[in-house]
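A.B. asks: Below is the sequence, then the predicted model.
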Amino acid sequence: MLIEPFQEFYGTFNIGGGGILLASADAILLARHPFVEGNIGRDLRESDLFRKYLPISSHGNAEIKTFTDGVVRLNSYRRVSEYPLVVSVAFSKDDVLAPWRADMSSRLVRTGGLVLLIGTLGTWLTLQVRARQQIENAYRDTAAAFRLLAENSTDMIVRVGPDMSRLYVSPASRELLGYEPEELVGLRTDSIVHPDDRTLWEKAFGEASRDRTGDIRATYRVLRKDGATIWVEVNRRRVASGDGYVVTTRDVTRRKQAEDQLAGANRRLRLIANEDGLTGLATRRHFDEMLEAEFRRAKRNGTELSLIMIDVDRFKAFNDCYGHPAGDRCLRDIALALKNLPGRPGDLVARYGGEELVMLLPNTPEASVLMLAERARSAVRSLGIAHRGSEATIVTISLGAASLRPNHPASRADDLVQAADRALYRAKESGRDRVCLADQPEPARQSA
């Protein structure tokens, strides 16, 4: 217990040759004025105050020979009922009998107030002691609960300092990483991050994140002690005091594998949805989506967009001569010959319907479109697929090409398709096995 405040406070009172005493209920001297260091902590059980008067009454006035110095004084004492304290204020007998006896009543009033004040201070001191004990008990209980949770959790719980070094590691590290907790304490939290994921870790938990509040979560790979790689989900929360972080880590390898498998399945489904089952080319639906997107881009950027419509010459006669299975093989061979002919990532070859194919060529001028169309026609002829129902005796194709030039007033993507289709019709009407270039596509007329 700190007695200096009481000693300083008691020293402000002028009580002549008297004194002020504050003792515990078990008769230990806690504070005294005048101050004598050797008396603090002295046992007062054999004093008249504790031996004769307090057993009779918890408060009163008495002429008592002071136990500490043997001087007879008039004492006013009180045992504090709410707390284990005894307060005594004493005046020397000589002072009491001095000429200023007339002032005794006022002194007694002040003495009563002093006793009340001292009792109040004693009460306040006791409350402070109890409050501190409660806080310490609560802290011990919280720390014990945290350790209990940490040591029985399947997630690895880590206490991290401001420099990201580990201060505490829960026993789950054995199962999760193969390390004993002591092997990880003192090392930075990025010490076991997979080399390929260090940039990801730095982005989530590096210097730039030190002042961020709230939870920070990231998923990345770490290396176990045996060298194996696992995926972990890490959640970091700043400690309320601001002195470091609490980090929880859990193994999500199986979940990650399941997510990867699901993503792969989705990619395969998208591929199936966008790929024609017979030819392996893009479907009509995928072509329509790409045509709209490329048409908007060409109009926005002022670039050329070109289209080649392709039709297999006399394909019905081919099916009648050789049968539909042979017709399917013929379409697959033609598709294979044309699939990678454009060569650029943005180009698209699709099955438009039946024996009709289409090439979508973004940012491609007319001259290049004509060259590509001729290459396509020659590629199919070079296959040499026999066709006795055709004048050429082999399978050939007719092609119609159209280009949307920058700032053309065409308002719909269908304008480009219709222009290429008209060019294809001219190619077939003029003898087949040839390429025709359309005029500029005309805008669709608006109905009145």
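C.D. replies: Received, thanks.
A.B. asks: So residue 225 versus residue 354, what's the distance?
C.D. replies: Applying Cβ to Cβ, to the nearest Å, the value for residue 225 to residue 354 is 63 Å. Using the backbone N, CA and C atoms, a C-beta is placed for each residue, glycine as well.
A.B. asks: Same question for residue 202.
C.D. replies: In terms of Cβ to Cβ, residue 202 sits 56 Å off from residue 354.
A.B. asks: more neighbours, the two?
C.D. replies: Between residue 202 and residue 354, counting by other Cβ atoms under 10 Å, residue 202 is the more crowded of the two (14 against 11).
A.B. asks: Now do the contacts for that one.
C.D. replies: Residues near residue 202 by Cβ atoms under 8 Å, 6 or more residues apart in numbering: residue 190.
A.B. asks: shift numbering so it begins at 8
C.D. replies: Taking 8 as the first residue, the last one we looked at is residue 209.
A.B. asks: Check which helix or strand it maps to.
C.D. replies: Taking DSSP states H and E as the definition, one finds residue 209 inside helix 205-212.
A.B. asks: quick one: buried residues of that helix?
C.D. replies: Residues 208, 211-212 are the ones in helix 205-212 that count as buried (16 or more other Cβ atoms under 10 Å).
A.B. asks: Same question for stretch 223-233.
C.D. replies: Buried residues in stretch 223-233, counted by 16+ other Cβ under 10 Å: 223, 225, 227-230.
A.B. asks: Out of the residues you listed, which two sit at the greatest distance?
C.D. replies: Largest separation among the buried residues of stretch 223-233 by Cβ to Cβ: 223 and 230, giving 21.5 Å.
A.B. asks: Am I right that residue 45 is in a helix?
C.D. replies: Yes: with DSSP: H, G, I helix; E, B strand; the rest coil as the criterion, residue 45 is part of a helix.
A.B. asks: Tell me how far residue 334 lies from residue 387.
C.D. replies: In terms of Cβ to Cβ, residue 334 sits 15 Å off from residue 387.
A.B. asks: more neighbours, these two?
C.D. replies: residue 387 (23 against 18).
A.B. asks: In terms of helices and strands, where is that one?
C.D. replies: For residue 387, the host element (DSSP H and E) is helix 373-388.
A.B. asks: for residue 212, what are its contacts?
C.D. replies: 171, 196-197, 223, 225, 241, 243 are the contacts of residue 212 under Cβ under 8 Å, 6+ apart.
A.B. asks: Kindly recompute the last result at 7 Å.
C.D. replies: Counting by Cβ atoms under 7 Å, 6 or more residues apart in numbering, residue 212 makes contact with 223, 225, 243.
A.B. asks: Show the pLDDT at the nearest residue to the second one once chain neighbours are set aside.
C.D. replies: It refers to residue 225. Nearest residue to residue 225 in three dimensions, chain neighbours excluded: residue 211, at 3.8 Å (Cβ to Cβ, 6 or more residues apart in numbering). pLDDT recorded at residue 211 is 82.
A.B. asks: got it, and residue 153?
C.D. replies: pLDDT at residue 153 comes out at 56.
A.B. asks: what's the answer for residue 339, then?
C.D. replies: 96.
A.B. asks: which stretches of this protein have low pLDDT?
C.D. replies: Scanning the chain for pLDDT under 70 picks out 8-10, 24, 74-76, 100-112, 142-159, 215-220, 248-249, 275-279, 413-418, 447-455.
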